[in-house]
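# The amino acid sequence is not available; the structure is as follows:
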């Protein structure tokens, strides 16, 4: 039995076999949680990510994974190929060179040069457009971090872009379900070993040199303001004080099966994540909260929210403003649904770009480089009694093209934490509320009558693309 199992098993038993949860609403806590699980793992580490940057925080994660592999931990890393572009192949292969590390790439491009990829995109668009958007890290099959964050500086309060995101650390039976989901993807025909895709090979000397360079990069961060911010994060303080509080609750992992990619786009199945989540949204009787950075509900979604409103359910949605979004093209798909949604009584909030740092280091007076906020969290709360935290956006790409994963937790206490986070993000200081006047004119908090702070070109481009038939792609 591993250290994690010895700590978790008796507590899970005391709770009646339920799972334990800790919300990770700041980038600092989210990084500390991942580092903690990597440090504590003794048997296995399974990581599944859409994007894995080899930047400052990514380098720290890689260094810790290598150290875990050194002590005999089996490390499996499953990456979507969208985040493994040509220049990263050599770096990924270098990590795979460790005898205890194995890396597979999901639904890869067969051509690894940029020109070859472009040709494959043009000739095999239907296949390569289907991506694995799942995000989770499982340690010893008994603890997992999952939610909206990839691996990279912008997800952990260090980048120029400060993603406002949400994850959860979960221990107990639900982590076993995460492990099962990971294994289904790992064993699928879509997961191809990186060694079959690249000719990059490292001999012992090159491997040692690469590790020295990695160590040097990480050493530069040891005494940085970011390292000090990590040490002073809420989670780090609780761990030092042996005061880690968890919400114990019934929960289940909800994930698309990897063979979703074998079905035509738009196919329906009871096994798909959307079909599994929908009944919980339909069962809401008082309140429904939606946080989705990319929000393109479509006519079907507008009808669904309108039905909820007619049943007396309060519906509040938080998404990105045009000024805050990191993918402005998605706004082209969203903007045409604002008036119909408002007409049903849905309340719409759009995050401001100046919300950077309000959940993280700047709140405590430590500036570490973030200058612009963008919403990236994906979470839904049903009647303040249960909450879903995962990787899925409410848009056609997530629901029909990609595969996704998340956890549904039946805990009023955890749901209340997410409601407080929603209220914080949607407050007038951090978000615009969008309203519609009798004449149909939209207005944003502060008296804005056009996309606030978005400049000239973004609104122009968004309006132009909103008239094109591209909604199924965004």
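Alright, I've got the coordinates. Since this is a predicted model, take the numbers as computed values, not measurements. Numbering: from 1, shown residues only.
# What values do phi and psi take at residue 319?
Dihedral pair for residue 319: phi -140, psi -170, per degrees, to the nearest 10.
# what ranges do the strands span in the stretch 351-474 of the chain?
Along the stretch 351-474 of the chain, counting by DSSP state E, counting those that start in this stretch, strands occupy 372-375, 379-382, 386-390, 405-410, 431-436, 442-444.
# Which residue lies nearest the spatial centre of the protein?
Central residue of the chain (CA atoms, centre = their mean): residue 148, 1.6 Å from the mean position.
# Tell me who's in contact with the residue lying closest to residue 387 once chain neighbours are set aside.
In space, not counting the residues next to it along the chain, residue 387 is nearest to residue 415; the distance is 4.4 Å by CB to CB, 6 or more residues apart in numbering. Using the backbone N, CA and C atoms, a C-beta is placed for each residue, glycine as well. For residue 415, the contacting residues are 381-382, 384-387, 409, by CB atoms under 8 Å, 6 or more residues apart in numbering.
# is it possible to export those to TSV including distance to residue 167, pLDDT and neighbour count?
Listed next are these as TSV, based on distance: CB to CB, whole Å; pLDDT from 0 to 100; neighbours: other CB atoms under 10 Å:
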residue	distance to residue 167	pLDDT	neighbour count
381	16	98	25
382	19	98	23
384	20	96	15
385	21	97	17
386	17	98	21
387	13	98	31
409	13	98	25
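# in those residues, which two residues are the furthest apart from each other?
Taking CB to CB, the two most distant members of these are 384 and 409; they sit 12.5 Å apart.
# There's contact between residue 80 and residue 52 in this structure, I believe.
No - Residue 80 is beyond contact range of residue 52, at 9.1 Å (criterion: CB atoms under 8 Å).
# before we move on, back to that, and the residue nearest to residue 387, how far is that from residue 175?
20 Å (CB to CB, to the nearest Å).
# what residue ranges in the stretch 351-474 of the chain score low on pLDDT?
Scanning the stretch 351-474 of the chain with the threshold set as pLDDT under 70 gives 356-370.
# which residues in it form helices?
With helices called from DSSP state H, counting those that start in this stretch, the stretch 351-474 of the chain shows them at 396, 412-425, 457-465.
# looking at these, which is closest to residue 348?
Comparing those by CB to CB, helix 412-425 comes nearest, at 12.9 Å.
# Show me which positions of the closest one end up buried.
414-415, 417-419, 421-422, 424-425 (16 or more other CB atoms under 10 Å).
# Of these, just say which sits nearest to residue 329.
Of all those, the one with the least separation from residue 329 (CB to CB) is residue 425, at 22.7 Å.
# got a list of what the closest one touches?
164, 291, 318, 349, 351, 355, 375, 431.
# Tell me how far the helix or strand the third one falls within lies from the chain's centre.
In other words, residue 318. If you go by DSSP states H and E, residue 318 is part of strand 314-320. Its chain's C-alpha centre and that of strand 314-320 lie 18 Å apart, by CA atoms, centre = their mean, to the nearest Å.
# how far does the helix or strand immediately after it in the chain sit from the chain's center?
Heading C-terminal from strand 314-320, the first helix or strand you meet, by DSSP H and E, is helix 328-334. How far helix 328-334 lies from its chain's middle: 19 Å, per CA atoms, centre = their mean.
# What lies in contact with helix 328-334?
Applying CB under 8 Å, 6+ apart, the contact partners of helix 328-334 are 294-296, 319-320, 322, 325, 395-396, 458, 461-466, 468, 470-471, 474.
# before we move on, what about stretch 254-266?
Taking CB under 8 Å, 6+ apart as the rule, stretch 254-266 contacts 106-107, 126, 130, 132, 134, 181, 184-185, 188, 190-191, 269, 271-273, 276-277, 388, 390, 400-408, 472.
# which among these end up buried?
The neighbour count (16+ other CB under 10 Å) marks 106-107, 130, 132, 134, 181, 185, 188, 190-191, 272-273, 276-277, 388, 390, 400-408 as buried among those.
# Would you mind measuring from residue 180 to residue 10?
23 Å.
# Compare those two and say which is more crowded by neighbours.
Shown here are residue 180 and residue 10; by other CB atoms under 10 Å, residue 180 has more neighbours (13 against 10).
# for that one, what are its contacts?
For residue 180, the contact set (CB under 8 Å, 6+ apart) comprises residue 253.
# how about 6 Å then?
Listed by CB atoms under 6 Å, 6 or more residues apart in numbering, the contact set of residue 180 is empty.
# Does it lie in a helix or a strand, and which?
Using DSSP H and E, residue 180 falls in helix 173-186.
# tilt between that helix and strand 405-410?
160 degrees (axes from the mean of the first three to the mean of the last three CA atoms, to 10 degrees).
# tell me the average confidence for helix 173-186?
Averaging pLDDT along helix 173-186 gives 98.
# what pairs with the helix or strand just after it, and is each one parallel or antiparallel?
Counting by DSSP H and E, the element after helix 173-186 in chain order, helix or strand, is strand 191-193. Applying DSSP bridges, strand 191-193 is found paired with strand 101-106 (antiparallel).
# Can you tell me what sits against the partner strand?
By CB under 6 Å, 6+ apart, strand 101-106 touches 69, 75-81, 84, 92, 95-96, 132, 190-194.
# again with stretch 296-306
Contacts of stretch 296-306 (CB under 6 Å, 6+ apart): 315, 333-334, 337, 340-341, 344, 346, 395.
# Give me the pLDDT for residue 84.
For residue 84, the predicted pLDDT is 62.
# quick one: residue 27 from residue 223, how far?
20 Å.
# More neighbours: these two, which one.
Set side by side, residue 27 and residue 223 show more neighbours around residue 27, with 32 against 9, by other CB under 10 Å.
# Pull out the buried positions in stretch 190-205.
190-192, 194, 197-198, 200, 202.
# Point out the least confident one among the residues you listed.
residue 200 (69).
# re earlier: of all the helices of the stretch 351-474 of the chain, which one is nearest residue 36?
It's helix 412-425; of the helices of the stretch 351-474 of the chain, that one is closest to residue 36 (CB to CB) at 19.2 Å.
# chain center to that closest one: distance?
Relative to the centre of its chain, helix 412-425 is centred 18 Å away, using CA atoms, centre = their mean.
# same question, stretch 242-256
For stretch 242-256, the distance to the chain centre is 17 Å (CA atoms, centre = their mean).
# buried ones in it?
Buried residues in stretch 242-256, counting neighbours by 16+ other CB under 10 Å, are found at 246-251, 253-256.
# Now the terminal residues of that stretch, how far apart.
End-to-end distance for stretch 242-256: 36 Å, by CA to CA, to the nearest Å.
# try stretch 116-130
Stretch 116-130 has its terminal residues 18 Å apart, counting by CA to CA.
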